[in-house]
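Engineer: my questions concern the predicted model and sequence given below.
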Amino acid sequence: MSEMIDSDVLIVGGGLSGLPLALALAQGGLQVTAVDALDPATATDAKFDGRVSAIAFASCRMFDRLGVTPHLKGRMQPINDIVVSDGRLSEGASPFFLHFDHTEIGDEPLGNLIENRHTRIALQKAVAAEPNIRLVAPNAVKSVEYGASHVTGHLADGSTVKAKVCLACDGRGSPTRNAAGIKTVGWSYNQTGIVCTVEHELPHEGVAQEYFLPGGPFAILPMVGNRSSLVWTERTANAKAILSLNDEDFTEEMRERFGDYLGDCAPVGPRWSYPLTLQLSREYVRPRLALVADAAHGVHPIAGQGLNLGLRDVAALAEVLVDAARLGLDIGQIDVLKRYEQWRRFDNTALSFMMDGLNRLFSNDIAPVRLARDLGLGAVNQIGPLRRLFMRHAGGAVGDLPRLLRGEAV
């Protein structure tokens with residue numbers, strides 16, 4: 001049955017950026033309507049998304065403040081150490097490596113590894129307990145009209161949502177962004193990420209491994225229990241061949257790269273694959289419209305920062321809109337939204353190109369380049385202040401942080 005919904009904010013997308021944004025805005029006193037095309041039960045099914053995400057410790061503070069963390073009890077694997085190394089299948093790992101030890105910068109772990117589906121479940125539970133949020137799902141925003149004083153979202157079931165501003169959290173392919181005529185720039189890496197879960201004999205001790213091979217990074221990310229998430233990057237043609245292997249041959253290929261440092265190991269459950277690209281929006285805002293997270297920027301997963309960049313967008317945008325509302329300003333006006341764009345665009349662009357550069361630097365087998373990058377890893381590992389600065393960057397604790405990322409109320 002169609003209806004008219006009045007709200008302060010319309011969020012298009014109820015995923016890993018849309019729901020935290022809804023929680024932040026609602027806790028700041030705004031009425032929020034979030035619309036998602038996926039059935040919540042589908043989005044949290046174990047077969048929907050096999051990925052895990054590294055939630056940096058600044059993002060973990062935000063989850064604490066938003067009331068998400070209590071719903072993640074037993075689902076968070078602390079990242080105690082990160083080891084970065086380079087190598088080739090024929091020779092093994094280089095003797096030069098970079099080791100991040102969380103105890104160098106404090107008592108908090110560098111972050112937590114959480115399965116995406118468990119994060120979605122926790123977010124849905126937190127949203128269900130927040131009276132200022134209305135989650136409309138499954139449903140779809142078919143079109144958005146942008147008026148002088150409000151927006152009107154037309155939903156697939158005939159309902160409409162009237163709000164002061166529309167926030168697009170609908171992913172890299174963002175129909176909301178495309179319908180607004182906002183262009184993007186970017187390129188394909190001709191790489192595919194293969195994702196699966198690996199069970200192993202020995203405990204991982206919370207150590208994440210980033211092993212660079214000529215085809216791309218081979219990341220072993222610790223999960224709860226004697227399990228790790230494997231994010232295996234290969235040239236797309238090679239990835240297709242690997243994905244077509246039967247279970248026995250796939251396991252043999254995986255073990256050749258995984259090694260035996262965790263004892264006997266084998267993949268369990270299904271495999272997933274994702275094409276790897278860089279995509280940056282030319283604009284983040286228009287009058288009564290703002291792009292958030294993947295709708296604004298999609299990055300290479302080489303440093304595991306994609307979701308954290310999106311959560312920084314969430315924290316910054318929520319602070320800008322809540323502060324404007326408290327001052328009695330129109331939260332959909334372009335000068336208000338421009339504050340968000342100015343806050344986040346440089347950081348997102350700089351980190352996007354840093355990850356692009358790292359991928360290009362390490363995803364090759366050119367001898368002089370290999371020597372230079374190995375010596376660079378070894379040098380950084382020996383320079384304590386620089387190593388600790390990189391750790392703070394990885395934890396999201398550097399720069400002009402929004403209140404939520406400092407663990408404060410929005």
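Structural biologist: The structure has been received and is ready for your questions. Numbers count the residues shown, from 1 in each chain.

Engineer: drop to CA atoms for contacts and neighbour counts, all remaining ones
Structural biologist: Fine.

Engineer: quick one, grab the pLDDT at the nearest residue to residue 207 once chain neighbours are set aside.
Structural biologist: Sequence neighbours aside, residue 81 is the residue nearest to residue 207 in space, at 4.7 Å (criterion: CA to CA, 6 or more residues apart in numbering). At residue 81, the model reports a pLDDT of 93.

Engineer: roughly how far apart are residue 81 and residue 104?
Structural biologist: 10 Å (CA to CA, to the nearest Å).

Engineer: and the residue most central in space within the chain, how far is that from residue 20?
Structural biologist: Residue closest to the average C-alpha location in the chain (CA atoms, centre = their mean): residue 307, at 1.4 Å. With the distance defined as CA to CA, residue 307 ends up 11 Å from residue 20.

Engineer: which strands and helices lie in contact with the lengthiest helix in the chain?
Structural biologist: Looking across the chain with DSSP state H, the single longest helix is helix 334-362. Contacts defined by 3 or more CA pairs under 8 Å, 6 or more residues apart in numbering; DSSP states H and E place helix 334-362 against strand 216-223, strand 265-281, strand 285-286, helix 306-326, helix 367-382.

Engineer: how about these in JSON lines, adding mean pLDDT?
Structural biologist: Below are these laid out as JSON lines (pLDDT from 0 to 100):
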{"stretch": "strand 216-223", "mean pLDDT": "94"}
{"stretch": "strand 265-281", "mean pLDDT": "95"}
{"stretch": "strand 285-286", "mean pLDDT": "98"}
{"stretch": "helix 306-326", "mean pLDDT": "97"}
{"stretch": "helix 367-382", "mean pLDDT": "78"}
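
Engineer: may I see the buried residues of the helix or strand harbouring residue 191?
Structural biologist: Per DSSP states H and E, residue 191 falls inside strand 184-200. In terms of neighbour count (16 or more other CA atoms under 10 Å), strand 184-200 has its buried residues at 184, 189, 191-200.

Engineer: equivalent analysis for stretch 42-51, please.
Structural biologist: 43-44, 49-51.

Engineer: and stretch 360-369, by the same measure?
Structural biologist: 361-363.

Engineer: what does it contact?
Structural biologist: 86, 212-217, 370, 373 (CA atoms under 8 Å, 6 or more residues apart in numbering).

Engineer: with only the CA atoms kept, save stretch 370-390 in PDB.
Structural biologist: These are the backbone C-alpha positions of stretch 370-390, laid out as PDB (Å, rounded to 0.1, in the frame of the first residue of the first chain):
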ATOM      1  CA  ARG A 370      61.400  -5.500  -6.800                       C
ATOM      2  CA  LEU A 371      64.700  -4.600  -5.300                       C
ATOM      3  CA  ALA A 372      63.700  -1.000  -4.600                       C
ATOM      4  CA  ARG A 373      60.400  -1.900  -3.000                       C
ATOM      5  CA  ASP A 374      62.000  -4.600  -0.800                       C
ATOM      6  CA  LEU A 375      64.600  -2.200   0.400                       C
ATOM      7  CA  GLY A 376      61.800   0.300   1.100                       C
ATOM      8  CA  LEU A 377      59.900  -2.100   3.200                       C
ATOM      9  CA  GLY A 378      63.000  -3.000   5.100                       C
ATOM     10  CA  ALA A 379      63.900   0.700   5.700                       C
ATOM     11  CA  VAL A 380      60.500   1.700   6.900                       C
ATOM     12  CA  ASN A 381      60.500  -1.300   9.300                       C
ATOM     13  CA  GLN A 382      63.700   0.100  10.800                       C
ATOM     14  CA  ILE A 383      62.500   3.700  11.300                       C
ATOM     15  CA  GLY A 384      60.300   3.600  14.400                       C
ATOM     16  CA  PRO A 385      58.600   7.000  14.100                       C
ATOM     17  CA  LEU A 386      57.700   6.500  10.500                       C
ATOM     18  CA  ARG A 387      56.500   3.000  11.200                       C
ATOM     19  CA  ARG A 388      54.300   4.200  14.000                       C
ATOM     20  CA  LEU A 389      52.900   7.000  11.800                       C
ATOM     21  CA  PHE A 390      51.900   4.500   9.200                       C
END
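
Engineer: distance of residue 140 from residue 255?
Structural biologist: In terms of CA to CA, residue 140 sits 43 Å off from residue 255.

Engineer: more neighbours: which of those two?
Structural biologist: For residue 140 versus residue 255, neighbours defined as other CA atoms under 10 Å are more numerous around residue 140 (18 against 15).

Engineer: what sits closest to the more buried one if chain neighbours are left out?
Structural biologist: Of all residues not flanking residue 140 in the chain, residue 37 sits nearest, at 4.6 Å (CA to CA, 6+ apart).

Engineer: same thing with residue 286?
Structural biologist: residue 334 (6.4 Å).

Engineer: what's the answer for residue 149, then?
Structural biologist: Nearest non-adjacent residue to residue 149, counting by CA to CA, 6+ apart: residue 164, 6.7 Å away.

Engineer: show me where the chain dips below the pLDDT cut-off.
Structural biologist: Under the criterion pLDDT under 70, the flagged ranges of the chain are 1, 88-94.

Engineer: about what we covered before: isn't the residue nearest to residue 286 up against residue 285?
Structural biologist: Yes: using CA atoms under 8 Å, residue 334 makes contact with residue 285 at a distance of 7.4 Å.

Engineer: the more surrounded of those two?
Structural biologist: Per other CA under 10 Å, whichever of residue 334 and residue 285 has more neighbours is residue 285, with 25 against 15.

Engineer: beta partners for the more buried one?
Structural biologist: In this entry, residue 285 is beta-bridged to residue 290, by DSSP bridges.

Engineer: residues touching the residue nearest to residue 140, list them.
Structural biologist: Contacts of residue 37 (CA under 8 Å, 6+ apart): 13, 137-141.

Engineer: take those and keep only those in strands.
Structural biologist: residue 141 (DSSP state E).

Engineer: got a winner among the contacts of residue 37 for most neighbours?
Structural biologist: residue 13 (27 neighbours).

Engineer: and the gap between that residue and residue 166?
Structural biologist: Residue 13 is 11 Å from residue 166, by CA to CA.

Engineer: next, work out how far apart the closest residue to residue 15 other than its chain neighbours and residue 100 are.
Structural biologist: Excluding its sequence neighbours, the residue lying closest to residue 15 (CA to CA, 6+ apart) is residue 120, at 6.9 Å. Per CA to CA, residue 120 is found 29 Å from residue 100.

Engineer: with that, I have no additional questions.
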